[in-house]
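S.K.: any chance you can model this:
(one chain, ligands or ions: 1)
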Amino acid sequence: MLATETGQSHGQNDGRITGIIGGSGLYQLLSSGVPAGVETPYGAPSDAIVRGEMGGRHVLFLPRHGVGHTIPPHMINYRANIWALHALGAQAVISVTAVGSLREDHAPGDLVCCDQYMDATHSRAGTFFDGPEVRHTSMVDPFCPIWRQVAVSEGRSAGMRVHDGGCVVTIQGPRYSTRAESRRFAACGADVIGMTQCPEVALARELGMCYLMLGLITDYDAGLETSPAVPPVSEKQVVAAMEENLGRVRQIVERVVARAPVETACSACGAA
Ligand SMILES: [Zn+2]
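M.R.: Residues are numbered from 1 along each chain as shown. Have a look, this model is predicted:
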């Protein structure tokens, strides 16, 4: 089941190939690149995957919501996206995503590289193992610790406040949370909240790929009952925060890619 349809994964290029998935606001990344055709058993990815170079390394770029942001979080074909990147040879995924904060000390404009997640989504196809092959994949440490270390260091060098680790809860969307839901997630130990990390990270792990979350905090989710009070998240606020920080986020992605480990195997994530 896990053999790629094209049989061209791994070995087509020498060295590391990094897949970059752009979230809201990040629809184009490479100044020059060529579309990489790929078929998956799960249908089409969110958009054409562009193959190019960044920091002297091979990269593949895919906008998670499509270039025109036409695919909402709950309708994304996560399996096709991850399968396609893997089939094209990516050993690692850098996931750029907008998240809301569930705690006062995680402020809009900060970057967060989570090391844990909680899944509050439903009805999403979240595994490559629907049978007849059955496999139970360890998810105790779903995010790559090595890539996280690089990202934290590069983010701080670029002048951003970066939270090293933390827990992201993924909600179904596309609506935002109620105040009660937001309080519950925070009480359960989530630090930030988003709509796309699940099942994306789990699927990457099932294929033995490293996965790094570069989460840009755009808002305080249900707001803060401080004085003065901070209003709850709005779509406008998320877009504005992404636009304001996009330049720095791009710069960090480039620096992380350039500093990525040369080895294609990761002892933490099982990539081969
Ligand atoms: Zn790894």
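
S.K.: quick one, what contacts the spatially closest residue to Ser138 that is not a sequence neighbour?
M.R.: Spatial nearest neighbour of Ser138, chain neighbours left out: Arg205 (7.9 Å); criterion: Cβ to Cβ, 6 or more residues apart in numbering. Using the backbone N, CA and C atoms, a C-beta is placed for each residue, glycine as well. Neighbouring residues of Arg205 by Cβ atoms under 8 Å, 6 or more residues apart in numbering: 137-139, 142, 211, 269-270.

S.K.: report whether stretch 15-24 contacts the ion.
M.R.: No. Applying Cβ under 5 Å from the ion, one finds stretch 15-24 separated from the ion by no less than 11.3 Å.

S.K.: flag every buried residue along that stretch.
M.R.: 16-24 (16 or more other Cβ atoms under 10 Å).

S.K.: ok, stretch 135-146 next?
M.R.: Going by 16+ other Cβ under 10 Å, stretch 135-146 has these buried residues: 142-146.

S.K.: which of the helices or strands spans Gln237?
M.R.: Assigned by DSSP states H and E, Gln237 falls within helix 235-258.

S.K.: tell me which parts of the stretch 151-272 of the chain are close to the ion?
M.R.: So far as Cβ under 5 Å from the ion goes, the stretch 151-272 of the chain lies against the ion at 210, 266, 268-269.

S.K.: drop anything exposed from the residues you listed.
M.R.: Looks like these have 210, 266, 269 buried, using 16+ other Cβ under 10 Å.

S.K.: restricted to strands, list the residues you listed.
M.R.: Members of these lying in strands (criterion: DSSP state E): Cys210.

S.K.: can you put the buried ones among the residues of the stretch 151-272 of the chain next to the ion in a markdown table and add distance to Gly155?
M.R.: A markdown table is the format used below for those (distance: Cβ to Cβ, whole Å):
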| residue | distance to Gly155 |
| --- | --- |
| Cys210 | 17 |
| Cys266 | 20 |
| Cys269 | 20 |
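
S.K.: closest to Val112 out of the buried ones among the residues of the stretch 151-272 of the chain next to the ion?
M.R.: Nearest to Val112 among those: Cys210, at 17.6 Å, using Cβ to Cβ.

S.K.: that closest one is in contact with Cys144, isn't it?
M.R.: Yes. Between Cys210 and Cys144 there is a contact under Cβ atoms under 8 Å: 3.7 Å.

S.K.: return every residue with contacts to both of the two.
M.R.: Residues touching both Cys210 and Cys144 (Cβ under 8 Å, 6+ apart): 92, 266, 268-269.

S.K.: what's the burial count for Ala36?
M.R.: Using other Cβ atoms under 10 Å, Ala36 is surrounded by 18 other residues.
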